[in-house]
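Undergrad: Using only what follows, build the 3D model:
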Amino acid sequence: MNLRQEAEQLALIYILAYGAVLILQLLMTHFMGEAIESQSFSSFNFMSWLPITIAGIPSVAISIWLFIRAKSNGYNPYLWVLFGLFGKLFAAAIFCLVRVYDGSHLTRSPSKDAQSAPLS
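TA: Residues are numbered from 1 along each chain as shown. A predicted model of the protein is given here:
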């Protein structure tokens, strides 16, 4: 899979994850309103930590993508997962830059000076 296809796959995963966050936030707002109206504090306590969990969905999606891509490219997948959890899209951008650098570094042709230097 080339870098463009990987970036498009990441964009699709991120859009789907962010869409799920928006839908879950709308549902959560509805249920929190009902819990406050009915004075049902047991469900309200459950809902108090839910926004943090929902907000982490895009980070988890990016981390999974980074894990799969890093493992298939021979990088340390666990390092990239942690970076993805905290760095989100910044981590994905850095990963793509590392991939571009590795690809250009491996396919770079030797300089003319190195070709014309006599062998000793």
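
Undergrad: Which helix or strand in the protein has the lowest average pLDDT?
TA: helix 112-116 (a mean of 52; mean pLDDT, DSSP states H and E).

Undergrad: wait, what's in contact with the spatially most central residue of the chain?
TA: With distances taken as Cα atoms, centre = their mean, I62 lies nearest the centre of the chain, 1.8 Å away. Under the criterion of Cβ atoms under 8 Å, 6 or more residues apart in numbering, the contact list for I62 reads 10, 13-14, 17, 84, 88-89, 91-92. For glycine as for every other residue, the C-beta is placed from the backbone atoms N, C-alpha and C.

Undergrad: Report pLDDT for it.
TA: I62 carries a pLDDT score of 92 in this model.

Undergrad: For this protein, give me the ranges with low pLDDT.
TA: Counting by pLDDT under 70, the low-confidence segments of the chain come to 1, 33-48, 104-120.

Undergrad: Could you rerun that using 80?
TA: By pLDDT under 80, the weakly predicted segments of the chain are 1, 3, 29-52, 103-120.

Undergrad: Going along the chain, name the helices of it.
TA: Per DSSP state H, the chain carries helices over the ranges 3-37, 41-55, 57-73, 77-87, 89-107, 112-116.

Undergrad: So the nearest residue to F83 once chain neighbours are set aside versus L66, what's the distance?
TA: In this structure, F83 finds its nearest non-sequential neighbour in A91, 4.3 Å apart by Cβ to Cβ, 6 or more residues apart in numbering. To L66, A91 is 6 Å away according to Cβ to Cβ, to the nearest Å.

Undergrad: for N76, same thing?
TA: Using Cβ to Cβ, we find N76 at a distance of 11 Å from L66.

Undergrad: Quick check on those two: which one has the bigger neighbour count.
TA: L66 (25 against 11; other Cβ atoms under 10 Å).

Undergrad: residues in contact with the more buried one?
TA: Remark: with contacts taken as Cβ under 8 Å, 6+ apart, L66 is in contact with 77, 80-81, 83-84, 91-92, 95.

Undergrad: now swap in F83 and tell me
TA: Contact analysis of F83 by Cβ under 8 Å, 6+ apart lists 66, 91, 94-95.
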